[in-house]
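Colleague: Got a predicted model here, sequence first, then my questions.
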Amino acid sequence: MGDTLITIIAILLAAVLMFVFPLMTMSDNTDDISQLSVESATTDFVDDVRTTGRLNMDKYSDFVSTISATGNTYDIEMEAKIMDENPGKKTTQAISSKIGEDVYYSMYTSQILDAIRPANSTLALKEGDIFSATVRNTNLTMSQQLKNFFYKVTGNNSYTIAAEHAGLVTANGTAN
């Protein structure tokens with residue numbers, strides 16, 4: 001009876017070492033590749049909007065298509081901080097042509113999508129505006145599922161793939 005129990009434990013241990021750990025390693029590598037791809041796509045998307053000063057539905061759809069190619073689903077949050085120059089009457093600066101301080105007001109994802117949703121619409125940004133995008137996966141990847149099963153490390157509403165990029169718009173975009 002003792003030899004049988006040791007044999008069963010040895011077989012189970014061998015199965016774990018031969019199948020589970022390589023599967024966990026491969027799924028972690030897949031998440032790393034997806035992370036790199038999403039970071040790269042997010043940086044390219046934001047930099048394209050920053051350097052052209054324009055965002056339209058084609059650019060956004062291409063971005064969504066690129067990150068969706070990883071096989072995961074994502075929550076995409078965008079923010080455009082629009083500079084409103086000289087809103088006040090008082091001045092604290094030595095420049096006599098400037099009245100007051102510059103203030104930013106924000107447009108968020110739903111407002112940005114509403115602005116670009118008609119097929120030929122373009123959100124035109126101007127020099128000095130700030131554009132940012134944040135991406136997080138919404139599904140459980142294979143790596144997360146395995147870690148939940150073996151370690152109980154990650155929760156159901158956590159994410160492992162995320163990217164964020166922001167920058168100052170350097171060109172004036174003109175709307176169509």
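Modeller: All right, it came through fine.
Colleague: quick one: the helices in this protein?
Modeller: Secondary structure of the chain by DSSP state H: the helices cover 2-15, 21-52, 57-68, 109-116, 142-150.
Colleague: now for those, which one comes closest to T170?
Modeller: With Cβ to Cβ as the measure, helix 21-52 is the member of those nearest T170 (5.9 Å). Just so you know, the C-beta spots here come from the backbone N, C-alpha and C atoms, and that holds for glycine as well.
Colleague: could you give me the average pLDDT of that closest one?
Modeller: Averaged across helix 21-52, the pLDDT comes to 94.
Colleague: which stretches of the protein have low pLDDT?
Modeller: The model of the chain has pLDDT under 70 over residues 1, 86-101, 152-158, 175-176.
Colleague: Please identify which of the helices of the chain is closest to L125.
Modeller: Relative to L125, the nearest member of the helices of the chain by Cβ to Cβ is helix 21-52, separated by 7.2 Å.
Colleague: mind listing what's buried in that closest one?
Modeller: Residues 24, 27-28, 30-31, 34-35, 37-39, 41-42, 45-46, 49-50, 52 are the ones in helix 21-52 that count as buried (16 or more other Cβ atoms under 10 Å).
Colleague: between that helix and helix 57-68, how big is the angle?
Modeller: Angle of helix 21-52 versus helix 57-68, following axes from the mean of the first three to the mean of the last three Cα atoms, to 10 degrees, is 160 degrees.
Colleague: what about the residue nearest to A166 when sequence neighbours are not counted, neighbour count?
Modeller: Leaving aside its sequence neighbours, A166 sits nearest to S132 (Cβ to Cβ, 6 or more residues apart in numbering; 3.3 Å). Number of residues near S132 (other Cβ atoms under 10 Å) recorded here: 18.
Colleague: S132 reaches A163, doesn't it?
Modeller: No - at 11.1 Å, S132 does not count as touching A163 under the criterion of Cβ atoms under 8 Å.
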